[in-house]
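Chemist: Can you look at this prediction? I've put the sequence above it.
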Amino acid sequence: MTVTLDDLAPTDRSVAARTAAHSDRSGWSPGTPPDAVVRPGSIAEVQAVLRWATAERVTVVPRGAGTGLTGGASATAGQVVLDLSGLDAIESIDPVTRTAVVQPGVIVADLDRAAAAHGLRYAPDPGSVAIASIGGTIATNAGGLRCARHGGTREAVLGLDVVLADGELLRTGTAGPRSVTGYDLTSLFVGSEGTLGIVVRATVRLQPLPVSTATVAALFPDVATAAAAALTIPAADTLELLDGATLAAVDPVLATDGAAFLLIQLEGPSALAEAAALADRIRPTAVRVDITDDPARSERLIATRRGALPAVQRLGRVLIEDVSVPRTALAETLAGIAAISDSTGVPVFTFAHAGAGVIHPLVLTDDGAVTPRVQETVDAIVALALRLGGTLSGEHGIGVLKRRWLADELDPVARTTLHRIKDALDPAGVLNPGKAI
Ligand SMILES: Cc1cc2nc3c(=O)[nH]c(=O)nc-3n(C[C@H](O)[C@H](O)[C@H](O)COP(=O)(O)OP(=O)(O)OC[C@H]3O[C@@H](n4cnc5c(N)ncnc54)[C@H](O)[C@@H]3O)c2cc1C
């Protein structure tokens with residue numbers, strides 16, 4: 001008897017389901033939707049689907065919440081989408097070891113909320129924290145606002161259960177804080193964008209909630225002055241920068257007072273005193289500096305920052321770039337981006353996780369069309385970041401949309417090594433082909 005996908009896990013072939021699963025938040029469309037969306041309810045079902053896919057040579061596109069910005073979860077005709085949103089249990093939270101065991105479909109903010117009930121939190125907090133899944137953030141090694149001090153998702157993942165292309169279940173890492181047994185397979189899968197295996201369970205690190213948090217909101221006359229001020233702040237827990245155009249899009253009232261915005265958070269028992277000292281340091285070059293330790297006011301300021309991308313997207317279709325540079329090159333990169341925009345005439349809205357050197361230039365398209373001038377703008381921004389010692393993706397991953405620049409950053413030896421790893425783990429090439437490498 002021939003086994004079909006429908007025998008292995010709940011499968012939806014409706015036009016609505018296939019259309020909804022064919023793209024992500026990048027807005028990029030690969031054309032015709034995929035053949036089916038399969039929604040496993042257990043790890044065993046994921047294994048069965050992968051065994052079938054490898055045997056039948058059907059390519060599989062894993063999907064978390066579809067909030068990615070590089071087309072990584074996009075799928076087209078001939079492909080099957082493996083929707084992991086149904087594996088959404090927080091299996092355990094251990095306040096003693098400060099760890100949680102979670103399934104991939106858990107929304108990041110839900111884990112954070114559940115941890116808070118134990119006086120803990122989950123540090124990785126991308127701007128999409130309320131809508132992105134744990135599996136997707138692991139697969140993209142997502143960053144976020146707290147990256148300045150706590151690093152990205154990789155720093156928070158202790159171990160993974162991964163279903164390999166042949167259906168085998170691989171367990172990596174340990175529940176303990178350190179392990180140097182064998183190669184670091186956990187790190188290999190973090191950021192692999194669904195091309196090496198399916199994350200079906202993760203053991204993650206939690207942290208104590210800070211006893212107090214102080215927020216500093218500072219307006220500057222221009223982005224260069226804001227970037228210079230950011231460099232004088234070495235140890236913030238959050239350090240975010242918005243240029244004037246982005247600030248005007250997200251909060252026109254704030255934008256009337258200044259042309260660039262820094263949002264800084266400090267945590268710990270002496271947060272407010274440290275914030276006051278920091279404010280004194282940056283005040284001479286700022287237009288306005290406000291300090292608060294009121295949680296509601298802090299939350300509103302953080303919401304201003306989190307609203308940056310959706311606010312700009314309301315102005316028109318943008319290409320969302322994601323370069324990263326050493327922090328010392330932040331001011332030069334921002335100046336260079338402004339100069340590129342001036343010379344091509346293409347508007348660019350820029351905001352940055354300034355503490356981590358991750359910069360998001362949003363390049364306005366011509367009503368969705370990537371004209372030669374838009375392309376020239378994006379190419380020049382990527383070239384600038386690489387010239388200044390940076391990378392073409394600080395946190396969103398490569399997906400489909402950033403593959404064209406891979407050879408500009410990685411030499412042939414590095415690229416060949418990536419393909420050897422892929423071939424070793426997925427010899428039939430069924431896992432998310434054409435993405436990431
Ligand atoms: C408003 C907004 C703000 C954002 N802010 C940030 C930010 O600050 N920092 C940041 O880093 N990103 C940000 N993003 C991008 C996005 O949210 C992240 O990339 C996130 O990690 C994607 O999670 P997801 O669950 O939506 O994954 P998806 O988009 O569904 O998938 C992303 C990739 O992971 C793979 N994948 C998904 N689940 C699994 C799994 N279980 N196993 C294996 N592979 C899997 C997919 O195949 C795809 O390649 C933002 C997006 C939006 C819309």
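Modeler: Happy to help now that I have it.
Chemist: Up against the ligand, what does the stretch 51-200 of the chain have?
Modeler: 61-69, 72-73, 84, 104, 126-128, 132-133, 135-137, 139-140, 142-144, 193-194, 198-199 (C-beta under 6 Å from any ligand atom). For glycine as for every other residue, the C-beta is placed from the backbone atoms N, C-alpha and C.
Chemist: could you redo the last one with a cut-off of 5 Å?
Modeler: 62-69, 72-73, 84, 104, 126-128, 132-133, 135-137, 139-140, 142-144, 193-194, 198-199 (C-beta under 5 Å from any ligand atom).
Chemist: Which part of this structure gets nearest to the ligand, residue-wise?
Modeler: In the chain, the residue that lies nearest the ligand is residue 136 (2.1 Å; C-beta to the nearest ligand atom).
Chemist: Give me the nearest residue to that residue, chain neighbours excluded.
Modeler: The shortest distance from residue 136 to any non-neighbouring residue, by C-beta to C-beta, 6 or more residues apart in numbering, is to residue 64 (2.9 Å).
Chemist: mind checking pLDDT for that neighbour?
Modeler: On the pLDDT scale, residue 64 is placed at 98.
Chemist: which residues touch it?
Modeler: By C-beta atoms under 8 Å, 6 or more residues apart in numbering, the contact set of residue 64 is 73, 84, 85, 104, 105, 132, 133, 134, 135, 136, 137, 139.
Chemist: Near the last one, how many other residues are there?
Modeler: The one in question is residue 139. Neighbour count for residue 139, taken as other C-beta atoms under 10 Å: 32.
Chemist: Now do it against residue 179, distance only.
Modeler: As judged by C-beta to C-beta, to the nearest Å, residue 139 and residue 179 stand 21 Å apart.
Chemist: picking up where we left off before, of the contacts of residue 64, grab the buried ones for ChimeraX.
Modeler: Here is the ChimeraX selection string for the buried members of these, based on 16 or more other C-beta atoms under 10 Å:
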select :73,84,85,104,105,132,133,134,135,136,137,139
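Chemist: Mind checking which of the contacts of residue 64 are in strands?
Modeler: In strands, judged by DSSP state E, none of those are found.
Chemist: could you redo the contacts of residue 64 as CSV and give each row pLDDT?
Modeler: As requested, these are arranged in CSV below (pLDDT from 0 to 100):
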residue, pLDDT
73, 98
84, 98
85, 98
104, 98
105, 98
132, 98
133, 98
134, 98
135, 98
136, 98
137, 98
139, 98
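Chemist: Out of the contacts of residue 64, which sit inside helices?
Modeler: Using DSSP state H, 134, 135, 136, 137, 139 are the members of the contacts of residue 64 that sit in helices.
Chemist: and which of those residues is nearest residue 5?
Modeler: residue 135 (20.3 Å; C-beta to C-beta).
Chemist: Grab the nearest non-local neighbour of that closest one.
Modeler: residue 104 is the one closest to residue 135 (C-beta to C-beta, 6+ apart), at 2.6 Å.
Chemist: mind checking the backbone torsions on residue 170?
Modeler: When read as degrees, to the nearest 10, the backbone of residue 170 gives phi -100, psi 130.
Chemist: Return the set of residues that bridge with it.
Modeler: Residue 170 has the following beta-bridge partners by DSSP bridges: residue 162.
Chemist: Of all pairs in the contacts of residue 64, which one is the farthest apart?
Modeler: 73 and 134, at 14.6 Å, using C-beta to C-beta across the contacts of residue 64.
Chemist: coming back round to it: show me the contacts for the residue of the chain closest to the ligand.
Modeler: 63, 64, 65, 67, 68, 73, 104, 142.
Chemist: Check residue 337 too.
Modeler: By C-beta under 8 Å, 6+ apart, the neighbours of residue 337 are 348, 350, 359, 361, 381, 384.
Chemist: One more pass at 10 Å, please.
Modeler: Counting by C-beta atoms under 10 Å, 6 or more residues apart in numbering, residue 337 makes contact with 223, 243, 321, 323, 348, 350, 359, 361, 363, 377, 380-381, 384-385.
Chemist: May I have stretch 347-362 exported as CSV, CA atoms only?
Modeler: In CSV, the C-alpha atoms belonging to stretch 347-362 read as follows (Å, rounded to 0.1, in the frame of the first residue of the first chain):
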residue,chain,number,x,y,z
PRO,A,347,14.5,57.1,0.9
VAL,A,348,16.1,54.9,3.6
PHE,A,349,14.7,54.7,7.1
THR,A,350,17.3,53.4,9.6
PHE,A,351,17.1,52.0,13.1
ALA,A,352,19.6,50.0,15.1
HIS,A,353,20.3,47.7,18.0
ALA,A,354,23.1,50.1,18.6
GLY,A,355,24.5,48.1,21.6
ALA,A,356,25.1,45.1,19.3
GLY,A,357,26.0,47.0,16.1
VAL,A,358,23.0,45.6,14.2
ILE,A,359,21.6,48.2,11.8
HIS,A,360,18.3,47.9,9.9
PRO,A,361,18.1,50.2,6.9
LEU,A,362,14.6,50.0,5.4
